[in-house]
Each structure stands twice: as structure tokens, then as C-alpha cells.
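quick check, what structure comes out for this input:
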Amino acid sequence: MTTPSQEDVDVVPGVRIPATELEITAISGSGPGGQHVNRSATRIALQWNVRHTRALRDEQRTLVMARLASRLDGDGALRIVAGEYRSQQQNRRAAIERLVQLVARALVVQKPRKATRPTRGSVERRLTEKRQRSETKRRRRPDDG
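Next comes the predicted model:
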């Protein structure tokens, strides 16, 4: 049974996933649980198509698709399954929260690394330490004589 989400999902300021783009399906749980697990569909499968979403600008879409490439299917859809709770509502909240965390983390733009050079003192200390270590090892060798 597929139902649309009740409300839009805010990911980060400026990014809001429309409820119409989220496909939320209740599926039966797996594993032990006796009669309850066989009768109730409490697990939630949430699917969101990154490739066709209107929530992201083109550069954001490229960034999210690159960072989440291993989690996307052939159509560009991200699928999240939550089944850790016995309640369907709690699993729905958990799935949406996981979606928000994944997308927010994928949207973080890392600042470029500024190339630096080691200080003269650190280079001298490193070379002095290497010479001392080399001398220690040389003294351990048996004399060829």
C-alpha cells in the first residue's frame, strides 16, 4: 500500500522535498515476532527520485547524485527502509529522518584545501631525527672486518 507523505520535508534551508515526490510504502516485517509480524505491515520503505526531483537545483542534484551514487538505483531513486520500531508511524519518522540526514550530508560543500608548506624548523627537525635514527641503526650492524 503506497501512501503520499502528509507534509513536505525540510532538509536544509532552501531545500524542501515536496510530499508528492516521496513514495512511502508499508511492508511486512521480517525475522522473529510470531503472529504480530505476520499480520502487520510496520516496516516502511521510502523512495525518492533524485534525478527527477524539483527540490534541488542542477548543481545540488549533481552533488547529491555523485555523493549518494552507491545508494541510488538505475533510475536515480534513493530507497530507505526503516523497520526498527513496532509502530508504522515511528518507522515512517525514522525513514524521513534518515533521508534528511543523508541528503543534508551530501549537500555539504567542502571548502577547498589550501596548499601549505612545512616550516623550516619542522623540516630540520624531521631530517635531524632521520639522521639520528640512521646512525642508531648503522651502529647496530656488525663490523665487516
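
the closest residue to residue 87 other than its chain neighbours: neighbour count?
Once flanking residues are discounted, residue 87 sits nearest to residue 42: 6.5 Å by CB to CB, 6 or more residues apart in numbering. Heads up, the C-betas are built off the backbone N, CA and C, glycines and all. Number of residues near residue 42 (other CB atoms under 10 Å) recorded here: 23.

I'd say residue 42 and residue 89 touch.
No. Here residue 42 lies out of contact with residue 89, judged by CB atoms under 8 Å, at a distance of 9.3 Å.

what's near enough to touch the most centrally placed residue in the chain?
If you average the C-alpha coordinates of the chain and look for the closest C-alpha using CA atoms, centre = their mean, you land on residue 102, 4.7 Å from that point. Residues in contact with residue 102, defined by CB atoms under 8 Å, 6 or more residues apart in numbering, are 68, 71, 78, 80.

okay, those in JSON lines with pLDDT and distance to residue 9 next?
Formatted as JSON lines, the entries for these read as follows, by pLDDT from 0 to 100; distance: CB to CB, whole Å:
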{"residue": "68", "pLDDT": "84", "distance to residue 9": "16"}
{"residue": "71", "pLDDT": "85", "distance to residue 9": "17"}
{"residue": "78", "pLDDT": "86", "distance to residue 9": "12"}
{"residue": "80", "pLDDT": "88", "distance to residue 9": "12"}
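
closest one to residue 130 out of those, please.
Lowest distance from residue 130 to those (CB to CB) belongs to residue 68, with 43.8 Å.

what ranges do the strands span in the chain?
In the chain, strands defined by DSSP state E lie at 2-4, 9-12, 15-17, 22-27, 43-49, 77-82, listed in chain order.

wait, which of those strands is closest to residue 133?
Checking the strands of the chain against residue 133 by CB to CB gives strand 9-12 as the closest, at 49.6 Å.

okay, buried residues for the closest one please.
Burial within strand 9-12, assessed by neighbour count using 16 or more other CB atoms under 10 Å, is assigned to 9, 11.

dump that strand to CSV, keeping only the CA atoms.
Extracted in CSV, the C-alpha atoms of strand 9-12 (Å, rounded to 0.1, in the frame of the first residue of the first chain):
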residue,chain,number,x,y,z
VAL,A,9,10.2,17.6,4.2
ASP,A,10,12.7,20.3,5.0
VAL,A,11,16.3,19.1,4.5
VAL,A,12,18.4,22.3,4.8
